[in-house]
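Undergrad: Provide a 3D model corresponding to the input given below.
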Amino acid sequence: MNRTLKIGLIATLIVYGCGMLYTYYSNIKFEERVTFFDKNQNGLIDNNEITKDSREIVTQMSKRKTTNQALIMLIPVSIILGLFCGGMAYLFRKIKSINDNEINYQNRR
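TA: Model (predicted):
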C-alpha cells in the first residue's frame, strides 16, 4: 500500500477513534450529572426535582447528541481530515523529490 494512503488511513482512524472516545467520555460525565439531580433514581428529572441547575441539565439533554449519532456523524469528518492529511503527505513528498532532483544552474560556470 502506498505510504500516502497509509498516512491518510491512519489519520482517519485516529480522528474517528478520538472523536468516539470523547463522545463516550462526555456521555458518561453527562449521565453522572443527570443522576446527581435525579433524586428518585428513575432516570428522568421530574417536576418535583427541578431546580435552577437541573433546568440547565434538562435543556442540555434536549439538545445533546448521543454516541449513536456520533458514530454516523464522525465518519465524513474523519474521512475529510484523513484525505487532508494524505494530501499534505503527498505534497510534501513531491516537494522533497523536486528539491532532491533540482538542477543547480549556478554551479555550472
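Undergrad: and the next helix or strand past the lowest-mean-pLDDT helix or strand in the chain?
TA: Every helix and strand of the chain was ranked by mean pLDDT, DSSP states H and E. The lowest is helix 52-63, at a mean of 71. Next in sequence after helix 52-63, counting helices and strands by DSSP states H and E, comes helix 67-100.
Undergrad: now do that following helix: distance to the chain's middle.
TA: The chain centroid and the centroid of helix 67-100 are separated by 13 Å under Cα atoms, centre = their mean, to the nearest Å.
Undergrad: now for that helix, which elements pack on it?
TA: helix 3-37 (3 or more Cβ pairs under 8 Å, 6 or more residues apart in numbering; DSSP states H and E). All C-beta spots, glycine's among them, are computed from the backbone N, C-alpha and C.
Undergrad: and the helix it packs on with helix 52-63, angle?
TA: 140 degrees (axes from the mean of the first three to the mean of the last three Cα atoms, to 10 degrees).
Undergrad: give me the mean pLDDT for helix 3-37.
TA: Averaging pLDDT along helix 3-37 gives 87.
Undergrad: what residues of it count as buried?
TA: T4, I7, G8, A11, T12, V15, Y16, G19, T23, V34, F37 (16 or more other Cβ atoms under 10 Å).
Undergrad: of all the residues you listed, which comes closest to I98?
TA: Nearest to I98 among the buried residues of helix 3-37, counting by Cβ to Cβ, is T4 at 16.0 Å.
Undergrad: contact partners for that closest one?
TA: G86, A89, Y90, R93 (Cβ atoms under 8 Å, 6 or more residues apart in numbering).
Undergrad: now do the contacts for the residue most central in space within the chain.
TA: Central residue of the chain (Cα atoms, centre = their mean): G19, 3.2 Å from the mean position. Contacts for G19 (Cβ under 8 Å, 6+ apart) come out as A70, L74, V77, S78.
Undergrad: thanks again, I'm all set now.
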